[in-house]
Structure formats: structure tokens, C-alpha cells
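S.K.: The sequence and its predicted three-dimensional model are supplied below.
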Amino acid sequence: MSGYFIVWASFSILSPFLLAVGAVKCSEREALLEPIPNTEIQLTDCLMDCTGMTYIKKIQLQDNRNIRFTDSTEGALGEYCWSTELKCTTRESFQHAYVVLPVVDIFAVGGEQLEVKSSGTTLHTHHSPGTIADTCGLRYDVTGHFSTTQTGTSFCVQVVPRQDVLEDNVLKCPPYLVTFWQRNMNQSK
């Protein structure tokens, strides 16, 4: 009996964390979780640290939204990219998306030292307080790129250091995407 309780407690504690870091994926057709093969999981230390710090802040703020963290993939010409086809369940709706740049020193590197572009448009840092831990890095609100009909299947950003700043001295890890989802408990299947 105690073995059953340990398994149940472990799954109920770990499943939201695994969902947040992308270790399980959800589908619009199925509300059940399914494991992703280990070969697809490549999480950076920055993403794991930010996930932990953000979930602590989420609990403190009593934020009941689902949060998902997604590492970037390399695009052309030093771009960092994510799929615009976000995975979700039938009982949640997309709210916000942020690109987070994990900088070496968030207090020394401000948005003015980096230029972040997407399709030729410069993105601006998001300074409003929120659920994402401040120490995760610089935040850029990219909600509009995921909430409208896009012609492509991916969204990419390019990080260009300004002045005499070397990119290797600015970023600890590649950027990642943080998405927020509202649970819709009243929807029927």
C-alpha cells in the first residue's frame, strides 16, 4: 500500500514539472500525457534553473496558469527558433509567450546592449513584473507572433550585441520560449 502511495505522490508532483520543461507533450486530440523519447530531450542548465525559480514564484503569486518552457533550435545565420505550432490540451487556451535571454549578468547587461530582431523587426524588453523569475534573464513579449495566423511554421530571433559587446560574454545559454496557458475547466470534451 505504501508503494502505491509513493508512486502516486511522485507522479502527481513530477507531472506538472515534466510538462513544464517539455518532457511530455500534449495534443489537441488527446488530453493524455505521453512520454517523449530521451533522444529528443536536450535541456540547458539555464532552462532548468529558470523553471525551478519560476515555479517557486508561481506558487508565491498563486498563479494557476500552466507554464511551458521550450529550448530553442538553431536557425540560419545565428538565429534561435521555435515551432509556431504550440502543443496544448483541449482544456486550455494560449495566453502569452516570452523569449527569455539568459544573460551572464542581468544587472550589467540591459536591453540597450543587445538588439533582438525577428523578421527584421526589433523586439523590446518586457519590464513589467510577472511570473517568470527576474533572474532568468531578459524577457521579450512575443505573444503576437503565436496568437495570429503565421505563414511559416517557425518563429526565429536573432541576438545582435551592440557597441563593443561580444555575444559570448553576454549569453549564458541559448534563449528559450516560455508560454502561459489558462486552464478552461468548464469546457466539455
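M.R.: Cool, the structure landed. Numbering: from 1, shown residues only.

S.K.: quick one: strands adjacent to the strand ranked longest in the chain?
M.R.: Identified as the longest strand of the chain according to DSSP state E is strand 92-101. Neighbouring strands of strand 92-101 in its sheet, by DSSP bridges, are strand 138-141 (antiparallel), strand 176-183 (antiparallel).

S.K.: quick one: average pLDDT of the longest one?
M.R.: Same thing as strand 176-183. Average pLDDT, strand 176-183: 92.

S.K.: Check what contacts it and list those residues.
M.R.: 44, 46-47, 50, 54, 64-72, 82, 86, 88, 91-100, 102, 131-132, 139, 142, 146 (Cβ atoms under 8 Å, 6 or more residues apart in numbering). C-beta: built from backbone N, CA, C; applies to glycine.

S.K.: Show me which positions of stretch 140-155 end up buried.
M.R.: 140-142, 145-146, 155 (16 or more other Cβ atoms under 10 Å).

S.K.: what does it contact?
M.R.: Counting by Cβ under 8 Å, 6+ apart, 75, 81-86, 94-101, 116, 118, 123-126, 157, 177, 179 sit against stretch 140-155.

S.K.: what sits against G130?
M.R.: R139.
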